[in-house]
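>>> Give me coordinates for this.
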Amino acid sequence: MQTENKKPAVFLDRDGVLIEENSYIAFVENINIFPYTAECIRQIHKKGYYAIVITNQSGVARGLFTEEELWEMNDYLIKQTGVDSVFYCPHHPEGIMEKYNMTCNCRKPGTGMFEAACMEFGIDMQRSYMIGDRADDIIAGQNAGIRTVLLESGYGTARLEKSVTPDYILKDLRDVIEIL
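A predicted model of the protein is given here:
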């Protein structure tokens with residue numbers, strides 16, 4: 001497929017970007033979607049982008065919740081916000097669940113979730129963005145070769161684990177709409 005026939009994506013971290021950051025969220029009842037999220041997703045779509053969540057969910061590897069419970073949370077997020085899809089990494093090299101105890105390319109800052117989304121959606125990566133609230137979100141976007149936005153609505157600059165230089169630092173998802 002030629003680039004001009006492909007649609008770009010806004011890749012979105014989940015916690016701190018679409019929903020309130022609340023450590024390991026294990027149940028749908030604990031998901032607090034920001035009041036502006038669904039409207040922002042509508043605007044992202046209106047501007048011609050896919051809205052695709054890519055999220056590290058090591059709580060599965062840590063035994064805090066099951067992959068089936070995560071699927072339920074993902075379905076809820078899709079229904080409530082209108083995002084096109086949720087790609088997740090359940091792995092962690094220090095996980096206690098043997099099946100998920102591994103180092104992988106899907107865990108951010110790896111690019112496996114971007115690659116999976118591109119396979120499924122045929123995304124124009126040259127015009128795409130990665131939106132996150134942590135250093136690994138920004139590094140993952142840079143590793144994927146796309147523009148990056150660090151949001152202050154989650155961990156933000158005050159709690160960065162590593163030094164990173166995103167293309168933009170913005171308050172929350174509402175500000176992203178202005179740069180698309």
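
>>> Which neighbouring elements make contact with the lengthiest strand in the chain?
Secondary structure of the chain read by DSSP state E shows that its longest strand is strand 50-56. The contact analysis (3 or more CB pairs under 8 Å, 6 or more residues apart in numbering; DSSP states H and E) places strand 50-56 against strand 9-12, helix 37-46, helix 67-81, strand 85-89, helix 112-121. No exception for glycine: its C-beta is placed from N, CA and C like everyone else's.

>>> In PDB, could you pull the C-alpha coordinates for that strand?
Extracted in PDB, the C-alpha atoms of strand 50-56 (Å, rounded to 0.1, in the frame of the first residue of the first chain):
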ATOM      1  CA  TYR A  50      -7.000   6.200  14.000                       C
ATOM      2  CA  ALA A  51      -7.000   6.400  17.800                       C
ATOM      3  CA  ILE A  52      -5.100   3.300  19.000                       C
ATOM      4  CA  VAL A  53      -4.200   2.500  22.600                       C
ATOM      5  CA  ILE A  54      -0.900   0.900  23.200                       C
ATOM      6  CA  THR A  55      -0.300   0.000  26.900                       C
ATOM      7  CA  ASN A  56       2.100  -1.900  29.100                       C
END
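
>>> I figured residue 124 hits residue 49, correct?
No: counting by CB atoms under 8 Å, residue 124 does not reach residue 49; the two are 9.5 Å apart.

>>> Spit out the residues that contact these two alike.
Counting by CB atoms under 8 Å, 6 or more residues apart in numbering, the residues touching both residue 124 and residue 49 are 7, 8, 9.

>>> Neighbours of the second one, how many?
Looking back up the chat, that one is residue 8. 20 (other CB atoms under 10 Å).

>>> low-confidence ranges in this structure?
Applying pLDDT under 70 to the chain flags residues 1-4.

>>> again, only using 50
1-2 (pLDDT under 50).

>>> what bridges to the closest residue to residue 78 other than its chain neighbours?
Sequence neighbours aside, residue 86 is the residue nearest to residue 78 in space, at 6.4 Å (criterion: CB to CB, 6 or more residues apart in numbering). Assessed by DSSP bridges, residue 86 has beta-bridge partners residue 53.

>>> ok, now which ones touch residue 86?
By CB under 8 Å, 6+ apart, the contact set of residue 86 is 14, 52, 53, 55, 74, 77, 78.

>>> isn't residue 144 right next to residue 114, touching?
Yes: contact criterion CB under 8 Å: residue 144 and residue 114 qualify, at 4.4 Å.

>>> Identify the residues contacting residue 61.
So residue 61 contacts 90, 91, 92, 94, 95, 96, 97, 100, 101 (CB under 8 Å, 6+ apart).
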